[in-house]
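A.B. asks: sharing a sequence plus its predicted fold:
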There are 4 protein chains.
Amino acid sequence: MTEPLDTETPDVGALQERLARFAEARGWEPYHTPKNLVAALSVEASELLEIFQWLTPEESAGVMDDPEKAHRVADEVADVLAYLLQFCEVLGIDALEALSAKIDRNEHRFPVKDHQDRHSLK
Amino acid sequence: MTEPLDTETPDVGALQERLARFAEARGWEPYHTPKNLVAALSVEASELLEIFQWLTPEESAGVMDDPEKAHRVADEVADVLAYLLQFCEVLGIDALEALSAKIDRNEHRFPVKDHQDRHSLK
Amino acid sequence: MTEPLDTETPDVGALQERLARFAEARGWEPYHTPKNLVAALSVEASELLEIFQWLTPEESAGVMDDPEKAHRVADEVADVLAYLLQFCEVLGIDALEALSAKIDRNEHRFPVKDHQDRHSLK
Amino acid sequence: MTEPLDTETPDVGALQERLARFAEARGWEPYHTPKNLVAALSVEASELLEIFQWLTPEESAGVMDDPEKAHRVADEVADVLAYLLQFCEVLGIDALEALSAKIDRNEHRFPVKDHQDRHSLK
């Protein structure tokens, strides 16, 4: 009887650990200052934006219908998440806890009845 | 005997679902086109970069020693992750699978023995 | 007979020189490495993007009709140009010559008759 | 008697006009909403940042010593300036006036004697 371990979705902690070992094995740690990693994160976020920069809102909603573009989008998503997790690794930040706490704060900051005021609050 | 469920780290799927309900309850879905969400993602990544822009590499490594800055960094990490997950939600992308597949590809692209060539390969 | 010198548009060289003296007078030069200046440039470009991130294309075209937003847009344009010129100053780049040469190259790269292929060429 | 017209540095107004005619001749104007142009501006600023993301401050200062990198840097500077000027063109913003006014304001905001407080003011 076999267990389907390899078909499970990887969790964030396992991926973060895998990224850390990947960098360590290649001697890349000296480059991985928080400042460099956050620069790389913002560069990757812009590469994702680049795919959408000339699209109408409607075209942007259909971007996954084109297999080549769908692959490119998923690839850039991976790059953004990779640098975000590496940044969190070197600074000891728990990204999931940070997001959970942020949603808690936003539930107070943007009560449901006031949603129409969002853009003036920003 | 009770299990300490509420002290566990939230998982990505639960956070992504919570963000979707949050936007839905406030009527924000019309704004959440993939194009708008990726623009917001890149803006938040830049807000994280802004904290580091004038720091030396050494200063950047110690940024969590200052509680006010540590809070600001974690808060921006949360914003980046929030927009990344909302972007993935509207396009049906599994961010963890995308990253896992990307690491697999990078293990072939950057074999351990060739690590010294990384920057010329980029 | 008076000369309307002070009503003329300032030129790029004069502004670049004024920015250099401004930084020098405040002892900011040690912070103005090319790497820091380009990080600041990208942060300011994102602050400009932030103004537009939730707008429809049509709303974005009317952004100058709101005096408060018009001022904010012009202010962020100034910040982007300021960091671009300071970056060019420290590296000895002539931004106007670089742009003129780039337009020359693009006139060959994108001949008028092929304009419909632009997005596949990118 | 010869006139050195072709050796003069082009001015910003002439470049902005040339960019407008370039886009018009290729039918690109429908793509050139302010929102799309500012997204493209931020993407180009990130492409410039990408060149510097793994460099030390010292390496970043010497980037023009490598002819291939020097060309790449100047090319990205041109792209940033091109999108900034096209953005200003469609919104009717005078970038040089905006910068001149901003320096005036900053001279009051950051008096010379207070330069040491800059980073806490940010």
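C.D. replies: That came through fine. Quick caveat, the model's predicted, so the values are computed rather than measured.

A.B. asks: so which residue of chain A comes closest to chain D?
C.D. replies: A:Ser46 (3.4 Å; C-beta to the nearest C-beta). All C-beta atoms are positioned from the backbone trio N, CA, C, and that covers glycine.

A.B. asks: remind me which helix or strand the closest residue to that residue other than its chain neighbours belongs to.
C.D. replies: Excluding its sequence neighbours, the residue lying closest to A:Ser46 (C-beta to C-beta, 6 or more residues apart in numbering or on different chains) is D:Ser46, at 3.4 Å. According to DSSP states H and E, D:Ser46 maps onto helix D:34-52.

A.B. asks: so after that helix, what's the next helix or strand?
C.D. replies: helix D:57-61.

A.B. asks: what's that following helix in contact with?
C.D. replies: With contacts defined as C-beta atoms under 8 Å, 6 or more residues apart in numbering or on different chains, helix D:57-61 is touched by B:Thr56, B:Pro57, C:Thr33, C:Pro34, C:Lys35, C:Asn36, C:Val90, D:Phe52.

A.B. asks: over to stretch A:92-103?
C.D. replies: Applying C-beta under 8 Å, 6+ apart, the contact partners of stretch A:92-103 are A:12, A:84-85, A:87-88, B:9-12, B:15, B:18-19, B:22, B:64, B:73-75, B:77-79, B:81-82, B:85.

A.B. asks: name the residues of that stretch that are buried.
C.D. replies: Neighbour-count burial for stretch A:92-103 flags A:Ile93, A:Asp94, A:Ala95, A:Leu96, A:Ala98, A:Leu99, A:Ser100, A:Ala101, A:Lys102, A:Ile103 (criterion: 16 or more other C-beta atoms under 10 Å in any protein chain shown).

A.B. asks: same check on stretch A:77-97?
C.D. replies: A:77-91, A:93-96.

A.B. asks: which residues of chain A score low on pLDDT?
C.D. replies: Scanning chain A with the threshold set as pLDDT under 70 gives A:1-8, A:114-122.

A.B. asks: in it, where's the longest helix?
C.D. replies: Determined from DSSP state H, the single longest helix within chain A is helix A:67-91.

A.B. asks: right, and the helix or strand after that helix?
C.D. replies: Remark: after helix A:67-91, the chain's next helix or strand is helix A:95-109, criterion DSSP H and E.

A.B. asks: distance from the chain centre to that following helix, please.
C.D. replies: 16 Å (C-alpha atoms, centre = their mean, to the nearest Å).

A.B. asks: residue nearest the centroid of chain A?
C.D. replies: Note on chain A: the residue nearest the mean C-alpha position is A:Leu81, at 3.3 Å, using C-alpha atoms, centre = their mean.

A.B. asks: ok, now which ones touch it?
C.D. replies: Residues counted as contacts of A:Leu81 (C-beta under 8 Å, 6+ apart) are A:Leu15, B:Leu84, B:Ala95, B:Leu96, B:Ala98, B:Leu99.
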